[in-house]
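Novice: Quick one, fold the following:
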Amino acid sequence: MAAHNNLGVFGENAAVEYLEKEGYTIRHRNWRKNHLELDIVAYKDGELVIVEVKTRTNTDYIQPQDAVNWQKIRRLVIASDAYIKHFGIDSPVRFDIITVVGEPTCFKVEHIINAFYPPMF
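Specialist: The predicted model follows:
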């Protein structure tokens, strides 16, 4: 596995650890259906939380959350819709981003709640 893929796995593990400490219940990690994928699907306080995780070693060139552009948001919303229909979920949905910056031994985790709202297509 490439080093950047390992970093992503470590970053997602750090994000899950953070969410669990904050009282979230993790429903799925890396949920896939066809070409759609959701990094983390969690639940807290009656709300389904779709979490996109962005891991970087540094922020010299771009902030991790800036990689979640309108195309990525569109794919996340479509994947979330498929997830909700697949599991028959009837609860509010929120979209968060967790940024993980640094090395696996010393990550800085930032949770951006309500990072974006689903656009109307």
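
Novice: going forward, measure contacts and count neighbours with C-alpha atoms only.
Specialist: OK.

Novice: who touches the strand or helix carrying Val101?
Specialist: Here Val101, judged by DSSP states H and E, is contained in strand 93-103. Identification of contacts with strand 93-103 by Cα atoms under 8 Å, 6 or more residues apart in numbering yields 7, 11, 14-15, 47-59, 64-65, 107-117.

Novice: at 7 Å instead, please
Specialist: When contacts are taken as Cα atoms under 7 Å, 6 or more residues apart in numbering, the neighbours of strand 93-103 outside the stretch itself are 11, 15, 47-58, 64-65, 107-117.

Novice: Give me the PyMOL select line for the residues you listed, limited to the buried ones.
Specialist: Typed into PyMOL, the line below selects the buried ones among those, using 16 or more other Cα atoms under 10 Å:
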select buried, resi 11+15+48+49+50+51+52+53+54+55+56+57+64+65+107+109+111
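
Novice: Asn13: how many residues sit nearby?
Specialist: Neighbour count for Asn13, taken as other Cα atoms under 10 Å: 15.

Novice: Repeat that for Gln63.
Specialist: Burial of Gln63 is recorded as 15 neighbouring residues (other Cα under 10 Å).

Novice: now it: how far from Arg74?
Specialist: Distance of Gln63 to Arg74, given as Cα to Cα, to the nearest Å: 20 Å.

Novice: likewise Gly8?
Specialist: In this structure, Gly8 and Arg74 are separated by 21 Å, where distance is defined by Cα to Cα.

Novice: do the same with Arg94
Specialist: 14 Å.

Novice: same question, Phe10
Specialist: 25 Å.
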